[in-house]
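*Asks:* Kindly return the folded structure for what I paste below:
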Amino acid sequence: MPEFFPDQVHVGQDLGGREFAIPAEDVARYREGTANDAAGPDPAPPLLYHSEVYRRLDWYLANIIGNLHARQEWELFHPLRVGDVVRSHSTVVERYRKRNRDYVVNEVVFTGADGRWLQRSRTHQSFLADVGREWEPRGGGDRRFALPEGTGEDIASRPTPITHAMCIAFSGPTKNYHTDVEMARALGFPDIVVQGMLSVCFVADLMTGRFGTGFHAGGKLDVRLVNVVWPGDVITTRGKIRETVREGSRQRHLVDVWCEKGDGTVTLIGTGSALD
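*Replies:* From the prediction side, this is the model:
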């Protein structure tokens, strides 16, 4: 009897990867997609390859209607630099069920030409477990969250209006429900659904702006995407340093992070950390 069924999504499923040299054009596209003029080429933005996990989708379950990007983890070990040769490799590392949804966790590891680990991410994608169940698009802003309080340092980005052009730069060039209004409407949405990774990148850029190389090499994120972002929303990314702990000869700053719309609706919430 086989250990697993090869035609099913399973833990240990090898999804392969690619090898390439980081081009400057990828940094320019990142800047356009995130409206981040400070995202420079050296080092490159830490989440430059935010959507490597979505280059192929044969790790998705069959029932794709109503699938959601639910949680994102990231660990950063070494900066990315334009011209460096890097390799990516993707593996299904976990499956679980929670509240009538099936979750698949895809881990992507980036390594340098010498085999050094550069970064590791884990994407938790959820799918409706009951195929016959009707699904309504989430995003009414009715989910409320207690935000951090205390005396820790506050950090924040400038408010960023989300435009269709940003979505196309960030999630294109192919047409999908993150870039094309008609495709979004075919799935029951009123407009383009802004890709969840954009908010994750906003958080990474906030941490980079505050901690610099201490986030590029040693940074961590663990965030949940909790409300939909639409074009026209204005997103502010915020953080509050909760605690600072000794890590060898350095210090690690533990930060509560979140993104919010102009009306206070939280769209992403979680934690990050960086070295100093």
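*Asks:* spatially speaking, which residue is in the middle of the chain?
*Replies:* Geometric centre of the chain, nearest residue: Met197, 3.5 Å, by CA atoms, centre = their mean.
*Asks:* Break down the stretch 151-276 of the chain into its strands, ranges please.
*Replies:* Assigned by DSSP state E, counting those that start in this stretch, the strands in the stretch 151-276 of the chain fall at 154-156, 160-161, 220-225, 234-247, 250-260, 266-275.
*Asks:* Please tabulate these in TSV, including the columns mean neighbour count and distance to Phe211.
*Replies:* The way it works is simple: take the backbone N, C-alpha and C, and place the C-beta from them, glycine included. Converted to TSV, the strands of the stretch 151-276 of the chain look like this (neighbours: other CB atoms under 10 Å; distance: least, CB to CB, whole Å):
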stretch	mean neighbour count	distance to Phe211
strand 154-156	14	9
strand 160-161	16	20
strand 220-225	20	11
strand 234-247	16	10
strand 250-260	21	7
strand 266-275	22	4
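*Asks:* quick check, distance from the worst-scoring helix or strand of the chain on mean pLDDT to the centre of its chain.
*Replies:* Evaluated with mean pLDDT, DSSP states H and E, the helix-and-strand set of the chain has its lowest mean pLDDT in helix 181-186, which scores a mean of 89. From the chain centre to the centre of helix 181-186 is a distance of 23 Å (CA atoms, centre = their mean, to the nearest Å).
*Asks:* Can you show me the CA trace of it as CSV?
*Replies:* Extracted C-alpha coordinates of helix 181-186, given in CSV (Å, rounded to 0.1, in the frame of the first residue of the first chain):
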residue,chain,number,x,y,z
VAL,A,181,-12.5,43.5,-12.4
GLU,A,182,-14.5,41.1,-14.6
MET,A,183,-12.7,38.0,-13.3
ALA,A,184,-13.4,39.2,-9.7
ARG,A,185,-17.1,39.7,-10.5
ALA,A,186,-17.3,36.2,-11.9
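*Asks:* about what we covered before: thought the residue nearest to the centre of the chain was touching Glu52?
*Replies:* No: the criterion here is CB atoms under 8 Å, and Met197 misses it with Glu52 at 10.1 Å.
*Asks:* returning to that earlier point: contact partners for the residue nearest to the centre of the chain?
*Replies:* Neighbour list for Met197: Leu47, His50, Ser51, His69, Gln72, Phe170 [criterion: CB atoms under 8 Å, 6 or more residues apart in numbering].
*Asks:* Surely the last one is in contact with Gln195?
*Replies:* Yes: Phe170 lies in contact with Gln195 (CB under 8 Å); the separation is 6.2 Å.
*Asks:* bridging residues for Ser126?
*Replies:* Under DSSP bridges, the beta-bridge partners of Ser126 are Leu68, Tyr103.
*Asks:* burial count for it?
*Replies:* Counted with other CB atoms under 10 Å, the neighbours of Ser126 add up to 21.
*Asks:* Surely it and Leu61 touch.
*Replies:* No: counting by CB under 8 Å, Ser126 does not reach Leu61; the two are 9.3 Å apart.
*Asks:* shared neighbours, those two?
*Replies:* Asn67, Asp102.
*Asks:* coming back round to it: now for the strands of the stretch 151-276 of the chain, which one comes closest to Leu147?
*Replies:* For these, the distance to Leu147 is smallest for strand 250-260, at 6.5 Å, taking CB to CB.
*Asks:* and for the closest one, what are the contacting residues?
*Replies:* Residues from elsewhere that reach strand 250-260 (CB under 8 Å, 6+ apart): 145, 147-148, 155, 199, 202-203, 206-207, 211, 214, 218, 221, 223, 229, 235-246, 266-276.
*Asks:* Just the CA trace of it, in PDB.
*Replies:* This file holds the C-alpha atoms of strand 250-260, laid out as PDB (Å, rounded to 0.1, in the frame of the first residue of the first chain):
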ATOM      1  CA  ARG A 250      22.200  41.600  20.400                       C
ATOM      2  CA  GLN A 251      18.600  42.500  21.300                       C
ATOM      3  CA  ARG A 252      15.400  41.200  19.600                       C
ATOM      4  CA  HIS A 253      12.500  43.600  19.500                       C
ATOM      5  CA  LEU A 254       9.100  41.900  19.600                       C
ATOM      6  CA  VAL A 255       6.500  43.900  17.800                       C
ATOM      7  CA  ASP A 256       2.700  43.700  17.500                       C
ATOM      8  CA  VAL A 257       1.800  44.700  14.000                       C
ATOM      9  CA  TRP A 258      -1.400  45.400  12.100                       C
ATOM     10  CA  CYS A 259      -2.900  47.100   9.000                       C
ATOM     11  CA  GLU A 260      -6.000  49.100   9.200                       C
END
